[in-house]
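Q: Sequence first, then the predicted structure, then my questions.
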Amino acid sequence: MTYLVPLPVVMPLLGAALTLLLLGRPHAQRWVSLTVLTATVAVSAALLVQSSLHGPLVVEVGGWVAPLGIVLVADQLAALMLVVSAAVTLCVLVYSIGQGMADGHEETPLSVYHPTYLVLTAGVCNAFLSGDLFNLYVGFEILLVASYVLLTLGSTENRIRAGTTYVVVSLLSSVIFLIAIGLVYASTGTLNLAQLVERLDTLPDDLRLVLQGMLLLAFGIKAAVFPLSAWLPDSYPTAPAPVTAVFAGLLTKVGVYAIIRTETLLFPGGRTATLLLVTAVLTMVVGILGAVAQSDIKRLLSFTLISHIGYMLFGVGLTSSLGLSAAIFYVVHHITIQTTLFLAAGLVERRGGSTALDRLGGLARLSPLLAVLFFVPALNLAGIPPFSGFLGKLGLIQAGVDDGGVLAWILVAGGLITSLLTLYAIARVWNLAFWRTPHADMPADDDAEQAARTEGAVEPDRGGGGQPGAVLPKLMIAPTLALVVLGLVLTVVAGPLFDLSTDAADDLLRRTPYVDAVFPGGAP
Amino acid sequence: MSANLTYVIVVGVLVAAGVTLLLERSLTRVLMGVILLGNGANLLLLTGGRAGGAPIVGTTDPEQMSDPLPQAMILTAIVITLGMTAFLLALAYRSWHLNGHDEVQDDVEDRRIMDLAIRDEGPGTADIEGGTGDGDDDESASDARPVANVVEAGRAG
């Protein structure tokens, strides 16, 4: 079954080429993208089943034997990430098609959109599957370059301004990563992750700490960990809603995945555990305080995104099996929920003409379906029982209590406070946007006809906004609903999913399954 | 394995110059900084491999060959840097089109907070001032000015 492993990278890339050839024909492009991403979901699911039954699947690219050539490794962690991200990208694609159709293609030049979106997917999949440090860098670059294009789509003034910061910060993190790769290669003579496992163990401790620090710094910028997170809330909200959604769901999580992979496989022993735990609590608390101060839904959600990255670091920093499995569970939960919330925010923007809280009101009465679409994932994010957000946080807090250290207890407290403040921030959005008396110029769903008359009464706040009272296209509601349901399914199957993430965490901590899969005859 | 000292010094100079340029406001200079940084990183990669003859079987004795892997990686990195340079140039050009300059602009939030500081309306001060009465208002307003000016001066420099 190893022939399946490269497919999540190859199919989107081929799809991107095909959609480029079909530039003038949006209809054909749509079908190509949909087919490719659906196939990616199916392949990823097959990979997950295979890897949990038979251990990690390994492919030597081009048939070159392992330490010489590049390997792609689909272990349980990678496969799990692939399944969730493929499902999320598919839903967001449908949403963006719905939005494009409703907008009459004015705001987003869709001809560039599809190839770029597929390249982004390929980059994400490549980063998850890579068994080689340099290939991981290439995966990052692929997804980053695609994200630069997506973020500056239409090159309006706002997006150019936000895009500039984003591009320069990302470039800096890439250079740091590249320098780290140079140092790792100079000190060990290899970049194959499985081979690095042994060779890094023979290095002096101080040198290892330098290498670990460089890699953490590079991934920390990409994952938006607190002192390195200032770029995120400024750049993400300016993009079109589906782009923000997929960025929020996936890009930072690729950074978190890279941190999990390097911390467990290459640098076990938790020498940076204290650092990780301190940054985790700072990320959580500072991030959520930022969210509380916001008056725009998209910016507020961007800050909750940063804040909840802290939970994942918390689990990684504990270095226990339970902590790591809770962190993996939390990544899966957060990819789904954060994307759903941004899609819902896009719907709010379309329905209310803005995402500024002081211009919205009464949406719960005007558009009950939209209210449900926002309310369920919002409570899930805040960690209200019985949702998956609650279960993930419960696992993390349990792991923190088991650890018993002073720092772990501080993190438990920080986690609880963050959860409460998330609830507060979300409740504010709910009160202001959904419960207040509706503005006079905002018609209820029943009076959708009226929308035509009030058109243009309130200017859209940012690009991509609809007119207040616009009818929500079914093609935008359906994928959001699908993701809300996926979030609920995560709650229902939380038991098996937690077993799976525990398996993945145990494999990560033992390290041998990964190394043995790459080098069946022992490492050279 | 011992690294070549000349390489190491050149890498240091390139990275230092790159970082200095990165701190500039003009996007074109930032771009130059990124290019220098990238070249520094590439040279560092090269330093990591063994130096020697062309790594082709038949032309060089295997013991004398240079390490081809860093060279292959540098090629990849150069291609990526090329693409990024083009993209940043396009960004700078577009920014010049829209604004008449290519300077990296302030964060929306930063600007809002600076505006508030200038008007002496820090978030939440409304409540405090309501309690303390009008007497303090003039005083705090005169305090806020210099702070805002310092912020401005810091940014300009």
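A: Thanks, I have it. Numbers count the residues shown, from 1 in each chain, chains lettered A, B, ... in the order given.

Q: Could I get the contacting residues of residue A:178?
A: If a contact means CB atoms under 8 Å, 6 or more residues apart in numbering or on different chains, then residue A:178 has A:137, B:38, B:41-42, B:45, B:77 as its contacts. No exception for glycine: its C-beta is placed from N, CA and C like everyone else's.

Q: now residue A:32
A: Listed by CB under 8 Å, 6+ apart, the contact set of residue A:32 reads A:15, A:18-19, A:22, A:114.

Q: Go again with 10 Å.
A: By CB atoms under 10 Å, 6 or more residues apart in numbering or on different chains, residue A:32 lies in contact with A:14-19, A:21-22, A:25, A:114-115, A:118.

Q: swap in residue B:50?
A: When contacts are counted by CB under 10 Å, 6+ apart, residue B:50 is found next to A:189, B:1, B:64-70.

Q: SS state for it?
A: Each residue gets one of three states, and residue B:50 gets coil by DSSP: H, G, I helix; E, B strand; the rest coil.

Q: Regarding it, what are the backbone dihedral angles?
A: Note on residue B:50: backbone dihedrals following degrees, to the nearest 10 are phi -70, psi 140.

Q: coming back round to it: need the buried ones from the contacts of residue A:178 selected in ChimeraX.
A: A single ChimeraX command is used to select the members of these judged buried by 16 or more other CB atoms under 10 Å in any protein chain shown:
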select /A:137 /B:38,41,42,45,77
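
Q: that older thread, Serialize the contacts of residue A:32 to CSV and add fields for secondary structure and neighbour count.
A: Conversion of the contacts of residue A:32 to CSV gives the following (DSSP: H, G, I helix; E, B strand; the rest coil; neighbours: other CB atoms under 10 Å in any protein chain shown):
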residue, secondary structure, neighbour count
A:14, helix, 15
A:15, helix, 26
A:16, helix, 23
A:17, helix, 14
A:18, helix, 18
A:19, helix, 27
A:21, helix, 13
A:22, coil, 18
A:25, coil, 13
A:114, helix, 28
A:115, helix, 25
A:118, helix, 29
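
Q: Turn those residues into TSV, including pLDDT and distance to residue A:375.
A: Conversion of the contacts of residue A:32 to TSV gives the following (pLDDT from 0 to 100; distance: CB to CB, whole Å):
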residue	pLDDT	distance to residue A:375
A:14	94	40
A:15	92	35
A:16	92	36
A:17	92	41
A:18	92	39
A:19	89	36
A:21	89	43
A:22	85	39
A:25	79	39
A:114	88	32
A:115	90	36
A:118	93	33
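
Q: Pick out the most distant pair among these.
A: Of all pairs drawn from these, the one with the longest distance (CB to CB) is A:14 and A:25, at 17.3 Å.

Q: what's the burial count for the residue of chain B found nearest chain A?
A: Relative to chain A, the nearest point of chain B is residue B:48 (3.1 Å; CB to the nearest CB). With neighbours defined by other CB atoms under 10 Å in any protein chain shown, the count for residue B:48 comes to 22.

Q: Now do it against residue A:184, distance only.
A: 8 Å (CB to CB, to the nearest Å).

Q: Might one say that residue A:503 is in contact with residue A:79?
A: No. Between residue A:503 and residue A:79 there is no contact under CB atoms under 10 Å: 11.2 Å.

Q: list residues touching both of the two?
A: When CB under 10 Å, 6+ apart defines a contact, the residues bordering residue A:503 and residue A:79 alike are A:51-52.

Q: more crowded one of these two?
A: Under the criterion of other CB under 10 Å, the comparison of residue A:503 against residue A:79 puts residue A:79 first, with 28 against 19.

Q: And the pLDDT for that one?
A: According to the predicted model, the pLDDT of residue A:79 comes to 93.

Q: excluding its backbone neighbours, what's nearest it?
A: residue A:48 (4.0 Å; CB to CB, 6 or more residues apart in numbering or on different chains).

Q: Also residue A:164?
A: The nearest residue in space to residue A:164 (CB to CB, 6+ apart) is residue B:104, at 5.3 Å.

Q: For the residue in the stretch 201-350 of chain A that chain B sits nearest to, give me its contacts.
A: Shortest the stretch 201-350 of chain A-to-chain B distance, computed as CB to the nearest CB: residue-wise this is residue A:234, at 4.7 Å. Contacts were defined as CB under 10 Å, 6+ apart; by that measure residue A:234 touches A:161-162, A:165-166, A:169, A:299, A:302, B:106-110.

Q: end-to-end on stretch A:242-259?
A: Counting by CA to CA, to the nearest Å, you get 26 Å between the two ends of stretch A:242-259.

Q: Distance from the chain centre to it, please.
A: For stretch A:242-259, the distance from its own C-alpha centre to the chain's C-alpha centre is 3 Å (CA atoms, centre = their mean, to the nearest Å).

Q: Could you confirm whether that stretch reaches chain B?
A: No. Remark: stretch A:242-259 sits outside contact range of chain B, by CB under 10 Å from any CB of the partner chain, the gap being at least 15.0 Å.

Q: Any stretches of the chain with poor pLDDT?
A: This is for chain A. Counting by pLDDT under 70, chain A contains low-confidence ranges at A:102-110, A:439-470, A:523-524.

Q: should've been chain B
A: Low-confidence regions of chain B, defined here as pLDDT under 70, cover residues B:1-3, B:121-157.

Q: ok so, going back, which one of the contacts of residue B:50 has the most neighbours?
A: Neighbour counts for these peak at residue B:70, which has 23 neighbours (criterion: other CB under 10 Å).

Q: Skipping adjacent residues, who's closest to that residue in space?
A: Ranked by CB to CB, 6+ apart and with sequence neighbours excluded, the top spatial neighbour of residue B:70 is residue B:49, at 3.8 Å.

Q: just checking, that neighbour touches residue B:73?
A: Yes. Judged on CB under 10 Å, residue B:49 makes contact with residue B:73 at a distance of 9.1 Å.

Q: Tell me the residues that contact both of those two, please.
A: Once CB under 10 Å, 6+ apart is applied, the residues that residue B:49 and residue B:73 both contact turn out to be A:182, A:185.

Q: sec struct for residue A:69, please.
A: Local secondary structure at residue A:69 is given as coil here, using three-state DSSP.

Q: Run a quick neighbour tally on it.
A: The criterion is other CB under 10 Å. On that basis, residue A:69 has 14 neighbouring residues.

Q: One more: residue A:491?
A: Residue A:491 is surrounded by 17 other residues when neighbours are defined as other CB under 10 Å.

Q: Report the distance from the host helix or strand of it to the chain centre.
A: When secondary structure is defined using DSSP states H and E, the element that contains residue A:491 is helix A:474-492. A distance of 16 Å separates the centroid of the chain from that of helix A:474-492, by CA atoms, centre = their mean.

Q: got the buried residues for that helix?
A: By neighbour count on 16+ other CB under 10 Å, the buried set for helix A:474-492 is A:475-477, A:479-484, A:486-488, A:490-491.

Q: after it comes which helix or strand?
A: Using DSSP H and E, the first helix or strand after helix A:474-492 is helix A:494-510.

Q: For that following helix, buried residues please.
A: Taking 16+ other CB under 10 Å as the criterion, helix A:494-510 shows A:494, A:497-498, A:500-505, A:507-508 as buried.

Q: Show me what secondary structure element comes after the helix or strand where residue A:182 lies.
A: Residue A:182 is part of helix A:157-188, with elements assigned from DSSP H and E. Following helix A:157-188 in sequence order, the next helix or strand is helix A:193-201 (DSSP H and E).

Q: and the angle for that following helix with helix A:157-188?
A: Counting by axes from the mean of the first three to the mean of the last three CA atoms, to 10 degrees, helix A:193-201 lies at 60 degrees to helix A:157-188.
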